[in-house]
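Novice: this is the structure alone, sequence omitted:
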RNA sequence: GUGGGCAUAGCUCAGUUGGUUAGAGCGCUAGACUGUGGCUCUGGAGGUCGCGGGUUCGAAUCCCGUUGCCCACCCCA
């Protein structure tokens, strides 16, 4: 084999498409049900956009971006996430001039240079939902509802909703200091990774997976107790809306997120049984980001959800997606003259909106029938020398193996309407 | 970047203490009164045993190296 798909990439083969379609079509339907409009932004952007938005010191920017110089020597990066591009579009296309808040969604690939693992790829697909131009906690709730409803409509059951507030520039620095001070006395009890987090990203201390570290993190001061009045009120309102909605969720004091731009609300959705990468969805509020990338100061919130992980969860739960359409008719022929007639017949079927295919390989009728069967065709139309001579076609209904000879001129209508007897 | 596991037909896997033309099931393909699918039967195609060295009369099997895949850490969807 000379070429192989790059590490961390994969092909979505025909037999995988039913799952993909089910997820993407369900997403569109639910988003539109909530009044969200689709937007598509470039797969690559100027590198600086991601450096500024995601955060210079994050792992993504430091070591996971696909960055290259284009032929004009400009630094470009394949998008590692969607929010930055959407905010850039919002500012650049003056979308703040439209009725606010602006509700948007998009679906597509993103890229991160990481070691592949279950549920993690270098090119991966996300559903992304964003609302720009509102700071009301009811919008936070709405965005979470969109996520919830997508999973529900897909058919997934066993998910857990995790919510927290990560504060804002007013209150978070104070909390981080408090956290560091608290950890300062406990540095010998934490793992090497946590020692590094203590220096570089103290909030991450809270979600270490190691038992010993978790025990310490459980006792650590909670951000909820350090929120400023505005953040506290916001979080309280959101929780009360969530309670009113009656959907189960969990306030997770250790929930922090990897991008620098998050403020106030953060949330994740976890699935069980799909491996270590169990976050099916992650998102939160980013009230400072749009201003940061050159737009007017605009509050916003959104989430991204990994399609591969959604599909893993579907399979885990045994959810069968609706099948993809199959050709309704298979045209079988015998002999050169009949082949010419079959070519025309197949085209007439398609022109009438009836899916039609054929082998076109001059194989035995038996081989053609076998193809028809495997392709799942409802009908096989058979044209041989005899049918050509008599101006008829044989219509065979595959399900019950009944067949009848029908005048050529009536064949298309008969198959279309299902009157073949 | 770190750690562990696995590499034999398209797929799932056998392959005995190193021994002759490397097997099975499924799939593909052809045929079984020459124009009929799903079942059955028979035949056929398809493998440099991941790759490169080494040991040996002889290596899929033993040794070394290397690459790839999978899983986990880190981080994240």
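Specialist: Noted; the coordinates are in hand. This is a predicted model, so every value here is computed, not measured. Numbers count the residues shown, from 1 in each chain, chains lettered A, B, ... in the order given.

Novice: so where's chain A shaky on pLDDT?
Specialist: By pLDDT under 70, the weakly predicted segments of chain A are A:1, A:421.

Novice: any idea which helix or strand carries residue A:399?
Specialist: Using DSSP states H and E, residue A:399 falls within no helix or strand.

Novice: likewise the one 5 residues further on?
Specialist: The secondary structure element spanning residue A:404 is strand A:402-407 (assigned by DSSP H and E).

Novice: please name the nearest non-neighbouring residue to the residue of the stretch 51-200 of chain A found nearest RNA strand B.
Specialist: At 3.1 Å from RNA strand B, residue A:118 is the closest residue in the stretch 51-200 of chain A, using Cβ to the nearest atom of the strand. For every residue, glycine as well, the C-beta is placed using N, CA and C. Nearest residue to residue A:118, sequence neighbours excluded (Cβ to Cβ, 6 or more residues apart in numbering): residue A:275, at 3.3 Å.

Novice: assess the claim that the residue of the stretch 51-200 of chain A closest to RNA strand B and residue A:276 are in contact.
Specialist: Yes. Counting by Cβ atoms under 8 Å, residue A:276 is a contact partner of residue A:118 at 6.8 Å.

Novice: next, whichever residue of chain A sits closest to RNA strand B: phi, psi?
Specialist: At 1.2 Å from RNA strand B, residue A:258 is the closest residue in chain A, using Cβ to the nearest atom of the strand. Backbone torsions for residue A:258, taken as degrees, to the nearest 10, come to phi -80, psi -10.

Novice: who touches it in this structure?
Specialist: A:58-60 (Cβ atoms under 8 Å, 6 or more residues apart in numbering).

Novice: check the secondary structure at residue A:321 for me.
Specialist: At residue A:321 the chain is in coil, as set by DSSP: H, G, I helix; E, B strand; the rest coil.

Novice: I'd say it and residue A:15 touch.
Specialist: No. Counting by Cβ under 8 Å, residue A:321 does not reach residue A:15; the two are 11.4 Å apart.

Novice: neighbour count: those two, which is higher?
Specialist: Set residue A:321 next to residue A:15 and count neighbours by other Cβ atoms under 10 Å: residue A:321 wins out with 19 against 8.

Novice: not counting sequence-adjacent ones, nearest residue to that one?
Specialist: Residue A:321's closest residue in space is residue A:22 (Cβ to Cβ, 6+ apart), at 3.4 Å.

Novice: in three-state terms, label the one you found for me.
Specialist: Classification of residue A:22 by three-state DSSP places it in helix.

Novice: roughly how far does it sit from residue A:307?
Specialist: 11 Å (Cβ to Cβ, to the nearest Å).

Novice: the stretch 1-150 of chain A: helices as residue ranges?
Specialist: For the stretch 1-150 of chain A, the helices defined by DSSP state H, counting those that start in this stretch occupy A:17-33, A:47-54, A:59, A:83-92, A:137-154.

Novice: from the chain's centroid, how far away is the second one?
Specialist: Here helix A:47-54 shows a centroid-to-chain-centroid distance of 22 Å under the convention Cα atoms, centre = their mean, to the nearest Å.

Novice: show me what that helix is packed up against.
Specialist: Helices and strands touching helix A:47-54, by 3 or more Cβ pairs under 8 Å, 6 or more residues apart in numbering; DSSP states H and E, are strand A:75-78, helix A:83-92, helix A:289-292.

Novice: need those in CSV with distance to RNA strand B and mean neighbour count, can you?
Specialist: Formatted as CSV, the helices and strands packed on helix A:47-54 follow (distance: least, Cβ to the nearest atom of the strand, whole Å; neighbours: other Cβ atoms under 10 Å):
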stretch, distance to RNA strand B, mean neighbour count
strand A:75-78, 13, 17
helix A:83-92, 8, 24
helix A:289-292, 13, 21
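
Novice: adding distance to residue A:127, write these out as JSON lines.
Specialist: Below are the helices and strands packed on helix A:47-54 laid out as JSON lines (distance: least, Cβ to Cβ, whole Å):
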{"stretch": "strand A:75-78", "distance to residue A:127": "18"}
{"stretch": "helix A:83-92", "distance to residue A:127": "13"}
{"stretch": "helix A:289-292", "distance to residue A:127": "19"}
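
Novice: please list the residues of the stretch 301-421 of chain A that sit near RNA strand B.
Specialist: Residues of the stretch 301-421 of chain A lying near RNA strand B by Cβ under 7 Å from any atom of the strand: A:304-306, A:308-309, A:334, A:363-367, A:369-374, A:380, A:382, A:384-387, A:394, A:396, A:398-401, A:403.

Novice: redo that, cut-off 6 Å
Specialist: Residues of the stretch 301-421 of chain A lying close to RNA strand B (Cβ under 6 Å from any atom of the strand) are A:304-306, A:308-309, A:334, A:363-367, A:369-370, A:373-374, A:382, A:384-387, A:394, A:396, A:398-399, A:401, A:403.

Novice: restricted to helices, list those.
Specialist: Within these, residues falling in helices by DSSP state H are A:308-309, A:365-367, A:369-370, A:373-374, A:385-387.

Novice: if any of these are buried, give me the ChimeraX selection for them.
Specialist: To isolate the buried ones among these in ChimeraX, judged by 16 or more other Cβ atoms under 10 Å, type:
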select /A:308,309,369,387
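
Novice: now, which of the ones in helices among the residues of the stretch 301-421 of chain A next to RNA strand B sits nearest residue A:213?
Specialist: residue A:309 (24.8 Å; Cβ to Cβ).

Novice: surely that closest one and residue A:273 touch.
Specialist: No. Using Cβ under 8 Å as the test, residue A:309 is too far from residue A:273 to be in contact (11.2 Å).

Novice: which bits of the stretch 51-200 of chain A sit near RNA strand B?
Specialist: A:58-60, A:81, A:112, A:114-118, A:120-121, A:124, A:126, A:193, A:197.
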